[in-house]
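Engineer: Sequence below, structure please.
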Amino acid sequence: MIRLECIPSGDDPLLVWTAQGMRTGARVWTSGDAAAVACRNVSRRDRLALRGSVADVTELLGRIRPQVEGFFPIGDEPLIAALPGVEVVAHLGWMHTETFSGTPTATSAHWLAETEFPEVTALLRAHHPHSFARPGDSGVTRWAGIRDEDGALLAVAADAWSAPEVGFLAGVATRTDARGRGLAAQLCAFVTGELLAARGRVALLVEHENVAAVRTYDRLGYRMRRLAAARFT
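Structural biologist: Numbers count the residues shown, from 1 in each chain. The predicted structure is shown next:
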């Protein structure tokens with residue numbers, strides 16, 4: 001294992017995020033122009049982030065394969081699609097930003113207290129049951145929310161699996177009967193601004209088919225990078 005700053009593509013936010021500040025159990029390997037970062041329980045997956053040429057990444061994977069069985073390789077679509085011994089299981093949009101380009105607006109978005117987390121759980125269960133981020137999960141640290149004038153929770157978003165150098169936005173959800181009011185955009189702007197101030201970069205994962213979400217993130221300054229996730233065959 002080597003230090004994260006020694007990775008040839010050490011400025012790659014995907015690899016930096018996956019390393020999670022080199023917390024206990026994170027591992028890094030390099031070979032030629034290839035780099036691999038493995039860490040458990042990053043956005044609910046044991047992830048193996050890869051970067052480099054197909055030839056060098058293939059050679060590196062051949063050497064480290066016994067140490068990363070059960071991990072899910074993730075990287076740029078052309079790289080993952082060309083690697084032998086892996087099967088693509090998902091196509092994802094990685095979006096990240098280092099600058100906030102949204103227009104600041106008055107908003108009631110705020111960080112919620114832990115005593116309010118049961119309401120977040122209930123909202124997710126009813127209106128976004130497939131959310132990766134949930135209160136109480138490892139790596140999910142804070143929740144922001146917006147309430148109506150009667151105090152009912154309308155929308156939520158999480159600071160989850162953030163690394164020291166890359167904040168991570170997850171768990172964005174709006175109550176079904178409150179959609180179309182721009183609440184998700186307000187929350188994303190609030191959390192993005194908070195994480196940028198603390199971490200310098202912010203990222204998220206989004207499905208390409210979620211056009212409305214992609215458009216919202218694009219307006220806030222996020223830029224798309226097409227990734228593929230895979231499993232070893």
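Engineer: strand partners of the biggest strand by length in the chain, parallel vs antiparallel please.
Structural biologist: Determined from DSSP state E, the single longest strand within the chain is strand 86-97. If you go by DSSP bridges, strand 86-97 pairs up with strand 202-206 (antiparallel), strand 223-232 (antiparallel).
Engineer: Follow the chain on from it and name the next helix or strand.
Structural biologist: Using DSSP states H and E, the helix or strand that follows strand 86-97 towards the C-terminus is strand 110-111.
Engineer: Hmm, G167 is touching R199, no?
Structural biologist: Yes: taking contacts as Cβ atoms under 8 Å, G167 lies within contact range of R199: 3.9 Å. (C-beta placed from N, C-alpha, C; glycine too.)
Engineer: Between the two, which has more neighbouring residues?
Structural biologist: G167 (26 against 18; other Cβ atoms under 10 Å).
Engineer: for that one, what are its contacts?
Structural biologist: Applying Cβ atoms under 8 Å, 6 or more residues apart in numbering to G167 gives the contacts 159, 194-196, 198-199, 201-203.
Engineer: Can you tell me which of these comes closest to G70?
Structural biologist: A203 (24.0 Å; Cβ to Cβ).
Engineer: need the contact list for that closest one.
Structural biologist: Applying Cβ under 8 Å, 6+ apart, the residues contacting A203 are 13-14, 17, 94-97, 166-169.
Engineer: just to revisit the earlier point, and the contacts of the longest strand of the chain?
Structural biologist: 13-14, 72-74, 77, 80-81, 166, 192, 196, 201-208, 214, 217-218, 220-233.
Engineer: Restrict the longest helix seen in the chain to CA atoms and write it as PDB.
Structural biologist: Counting by DSSP state H, the longest helix found in the chain is helix 183-199. Output in PDB follows, covering the C-alpha atoms of helix 183-199 (Å, rounded to 0.1, in the frame of the first residue of the first chain):
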ATOM      1  CA  LEU A 183     -37.400  22.100  -3.300                       C
ATOM      2  CA  ALA A 184     -34.800  19.500  -4.400                       C
ATOM      3  CA  ALA A 185     -32.900  22.200  -6.300                       C
ATOM      4  CA  GLN A 186     -32.900  24.400  -3.200                       C
ATOM      5  CA  LEU A 187     -31.600  21.600  -1.000                       C
ATOM      6  CA  CYS A 188     -28.900  20.600  -3.400                       C
ATOM      7  CA  ALA A 189     -27.700  24.200  -3.700                       C
ATOM      8  CA  PHE A 190     -27.600  24.500   0.100                       C
ATOM      9  CA  VAL A 191     -25.700  21.200   0.700                       C
ATOM     10  CA  THR A 192     -23.400  21.900  -2.300                       C
ATOM     11  CA  GLY A 193     -22.400  25.300  -0.900                       C
ATOM     12  CA  GLU A 194     -21.800  23.900   2.600                       C
ATOM     13  CA  LEU A 195     -19.700  21.000   1.300                       C
ATOM     14  CA  LEU A 196     -17.700  23.200  -1.000                       C
ATOM     15  CA  ALA A 197     -16.800  25.500   1.800                       C
ATOM     16  CA  ALA A 198     -15.600  22.600   3.900                       C
ATOM     17  CA  ARG A 199     -14.100  20.200   1.300                       C
END
